[in-house]
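Engineer: Just a sequence and a predicted model for now, questions to come.
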Amino acid sequence: WYQRRVRGRLLKLAGQFHLGENANVFREGSLVLKNPSGAPPLVHKTILYGSSTGAIGLIGCIEKPLFDLLLTLQEALARTVTSIGCIPHNVWRAFHNDRQKEPANGFIDGDLIERFLDLPRSEMNKI
């Protein structure tokens, strides 16, 4: 993993991806109310972000088994679903800056996962 010192502290890279937005505010929070049944949430340690275009998003932690399941679904969807502009998902979400370009990692793309619900039942069964 990539490590970098900032103000004397060591930062570890946990994940990276291209958001497609300029996120300019981050706050702890959630987009849903607590589950009244008392069941533990699937997503925890959540951070909401807002972008300069008005987009709102969420970054959170999920347990490894769920992450692995969603990653497998994400990879299958990326091979199946045609993206807007026909840009492959891995190209669109790849992290890049002035010095480097790296494949996305450590994140589940909720926008792509949500597209699973738009598929016909026959396509869902194939995936």
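Structural biologist: Yep, that arrived.
Engineer: Please enumerate the helices of the chain.
Structural biologist: Assigned by DSSP state H, the helices in the chain fall at 64-80, 89-93, 110-114, 121-126.
Engineer: could you dump the ones you listed to a markdown table with mean neighbour count?
Structural biologist: Using the backbone N, CA and C atoms, a C-beta is placed for each residue, glycine as well. Formatted as a markdown table, those follow (neighbours: other CB atoms under 10 Å):
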| stretch | mean neighbour count |
| --- | --- |
| helix 64-80 | 13 |
| helix 89-93 | 16 |
| helix 110-114 | 13 |
| helix 121-126 | 9 |
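Engineer: Looking at the ones you listed, spot the one closest to residue 9.
Structural biologist: Closest approach to residue 9 among those is made by helix 64-80 (26.1 Å; CB to CB).
Engineer: Output the below-cut-off pLDDT ranges for the chain.
Structural biologist: 1-8, 11 (pLDDT under 70).
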